[in-house]
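Q: here is my input; please provide its structure:
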Amino acid sequence: MTAITAADVVARGLAPHAAVSLAELDATAALQTRVDRKYVLTADEVADLLAALSPTTRVLEIDDRRTFTYASTYYDTPDLVTFHQAAHRRRRRYKVRTRTYVDTGGTFLEVKTRAARGVTVKERVPAEDAGPRLTPDAAGFVDDRLAAARVTAPPSSDLRPVLSSHYRRTTVLAPDARVTLDTDLTWRLAPGPDGDARWADVGGLVVVETKAGTAPSSVDRLLWRAGHRPDRISKYATGLAVLRPDLPDHPWRRLRRERLAA
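A: Below is the predicted model:
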């Protein structure tokens, strides 16, 4: 008998819901400036959530597909400035990554910054696949966006690939939020001079992320009524802390102990 995976649970739970196109999703809820709330749930907990969604909820569908593979490469300085900003909960922090849409094609360089009231601002440009250095154009984009956000940062010429992530994503358009459900999340260290390329995964857990304005969405309220509260998880910093036990992990220690069992 084939085991039912978390991805299967997500697909079955959303099967009754109608599709939404990428164009309509972006027009309705592009939300490059937003508040993100993340929850790390078991497959059973996700099944309960999906059963309670509004009937008007729709699911992103492209070419008859509803689940898509994402690959990201995170850049940081040799002394891991962006990691330590996250680990120490710096109010002004940033993240630089490339994101590749494996199934549909296309790679983007993205700069995420934290603005007032915990709002995340994501800006991006088309880019080449991740390389050992940012191209001059890419470095210029990063420096320009960080300066515009008034973030003090080392020159982007210092940035190197540190960690990659890989996962399967299903995107939902709820009445008042864009919601993503990520399964099969794996992290892998960028190979170093010694060839170390450790990796880890989250097993059968699902990372649910709501992206809305400053007010909690209807999906957040469903989760809160079920006893869930937002988890501290970063696909970059948490993954690096899991793979590098020499690094501080305080913000994610409870999650690691209670959910990731690392």
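Q: hmm, residue 77 is touching residue 158, no?
A: Yes. Under the criterion of CB atoms under 8 Å, residue 77 makes contact with residue 158 at 4.6 Å. For every residue, glycine as well, the C-beta is placed using N, CA and C.
Q: pick out whichever of the two has more residues nearby.
A: residue 77 (19 against 16; other CB atoms under 10 Å).
Q: show the pLDDT at that one.
A: Per-residue pLDDT puts residue 77 at 95.
Q: do residue 18 as well
A: Note on residue 18: pLDDT of 97.
Q: ok, it - contacts?
A: 58-59 (CB atoms under 8 Å, 6 or more residues apart in numbering).
Q: now it: how far from residue 172?
A: 11 Å (CB to CB, to the nearest Å).
Q: find residues that contact each of these two.
A: Joint contacts of residue 18 and residue 172 (CB under 8 Å, 6+ apart) are 58-59.
Q: chain center to the helix or strand of the chain with the lowest mean pLDDT, what's the gap?
A: Across the helices and strands of the chain, mean confidence by mean pLDDT, DSSP states H and E is lowest for helix 22-29: a mean of 84. Between the centre of helix 22-29 and the centre of its chain there are 19 Å (CA atoms, centre = their mean, to the nearest Å).
Q: just checking, what packs against it?
A: strand 160-174, strand 177-189 (3 or more CB pairs under 8 Å, 6 or more residues apart in numbering; DSSP states H and E).
Q: now do the buried residues in the helix or strand just after it.
A: Using DSSP states H and E, the helix or strand that follows helix 22-29 in sequence is strand 33-41. By neighbour count on 16 or more other CB atoms under 10 Å, the buried set for strand 33-41 is 34-41.
Q: also stretch 167-183?
A: Quick answer for stretch 167-183 (16+ other CB under 10 Å): 167-174, 176-183.
Q: picking that back up, columns distance to residue 25 on top of the buried residues of strand 33-41, output as JSON lines?
A: Supplementary listing: the buried residues of strand 33-41 in JSON lines, determined by distance: CB to CB, whole Å:
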{"residue": "34", "distance to residue 25": "14"}
{"residue": "35", "distance to residue 25": "18"}
{"residue": "36", "distance to residue 25": "16"}
{"residue": "37", "distance to residue 25": "19"}
{"residue": "38", "distance to residue 25": "20"}
{"residue": "39", "distance to residue 25": "21"}
{"residue": "40", "distance to residue 25": "24"}
{"residue": "41", "distance to residue 25": "22"}
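Q: check what pLDDT residue 117 gets.
A: Residue 117 is assigned a pLDDT of 64 by the prediction.
Q: again with residue 91
A: 80.
Q: could you report the distance from residue 7 to residue 66?
A: 10 Å.
Q: repeat that for residue 220.
A: 22 Å.
Q: and the two? Which one has more around it.
A: The residue with more neighbours, out of residue 220 and residue 66, is residue 220; 23 against 18, by other CB under 10 Å.
Q: three-state assignment of that one?
A: helix (DSSP: H, G, I helix; E, B strand; the rest coil).
Q: make sure it is actually in contact with residue 210.
A: Yes. Taking CB under 8 Å as the definition, residue 220 is a contact partner of residue 210 at 5.3 Å.
Q: now do the shared contacts for those two.
A: Each of 37, 177 lies in contact with both residue 220 and residue 210 under the rule CB under 8 Å, 6+ apart.
Q: can you name the residues that contact the residue nearest to the spatial centre of the chain?
A: The residue lying closest to the centre of the chain (CA atoms, centre = their mean) is residue 235, at 5.5 Å. With contact set as CB under 8 Å, 6+ apart, residue 235 has these partners: 72, 74, 165, 167, 185, 187, 207.
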